[in-house]
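**Q** A structural model of the following input is requested.
(one chain, ligands or ions: 1)
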Amino acid sequence: MDIELLIEEAMKAREMAYAPYSEFRVGAALLDGDGTIYYGCNIENASYGACNCAERTAIFKAVSEGAGDFRAIAIVGGKDKDVTEFCPPCGICRQVMSEFCDADSFQVILYDGTETRIYSLADLLPHAFDSIL
Ligand code: THU
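**A** This next block holds a predicted model:
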């Protein structure tokens, strides 16, 4: 897997962010086992509870198109134009990832404009709830 490429794709996805309320723009690039990349951005709403994170946008787009062999997701976020900080996925997105991604092998790739950090889903969501255990 080309980690740098996936980060670049997340940067492209971020260009589509709709974030007029927070002005915090997030992009995600989700890699499927067949090589397809699914793109997501955050999409906000005047009714704040209706906002959707970039990660869930990408995952829901992919699942709705029949994909489900997810290997990695690159996530970039930051205020306005720049990516200057790491944007770890929120708790709801971690839970959604745990529904569709393998805890040990799925990689969550974060980039702050300089440095890259890679976590497994198990690192980010230990002891995940799973009703069919
Ligand atoms: N956001 C994401 O897109 N992903 C995350 O993991 C955390 C937060 C978005 C939601 C909202 O549009 C903005 O960032 C500020 O919270």
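**Q** per-residue confidence for the most centrally placed residue in the chain?
**A** By CA atoms, centre = their mean, the chain has its centre lying nearest to Glu55, at 3.1 Å. Confidence at Glu55, expressed as pLDDT, is 98.
**Q** tell me the SS of it?
**A** Using DSSP: H, G, I helix; E, B strand; the rest coil, the secondary structure recorded for Glu55 is helix.
**Q** Roughly how far does the residue nearest to it when sequence neighbours are not counted sit from the ligand?
**A** Among residues not flanking Glu55 along the chain, Cys93 sits closest, at 4.1 Å (CB to CB, 6 or more residues apart in numbering). For every residue, glycine as well, the C-beta is placed using N, CA and C. Per CB to the nearest ligand atom, to the nearest Å, Cys93 is found 5 Å from the ligand.
**Q** and if you look at Ile7?
**A** Ile7 is 16 Å from the ligand, by CB to the nearest ligand atom.
**Q** Next secondary structure after the helix or strand where that residue lies?
**A** Ile7 belongs to helix 3-14 when assigned by DSSP states H and E. As assigned by DSSP H and E, the chain's next helix or strand after helix 3-14 is strand 24-32.
**Q** Export the very next helix or strand once past that next one to PDB, keeping only CA atoms.
**A** Following strand 24-32 in sequence order, the next helix or strand is strand 37-41 (DSSP H and E). In PDB, the C-alpha atoms belonging to strand 37-41 read as follows (Å, rounded to 0.1, in the frame of the first residue of the first chain):
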ATOM      1  CA  ILE A  37     -10.200   4.400  -3.100                       C
ATOM      2  CA  TYR A  38     -13.400   5.900  -1.700                       C
ATOM      3  CA  TYR A  39     -13.400   9.600  -0.800                       C
ATOM      4  CA  GLY A  40     -15.100  11.400   2.000                       C
ATOM      5  CA  CYS A  41     -15.300  14.900   3.400                       C
END
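**Q** No further questions, thank you.
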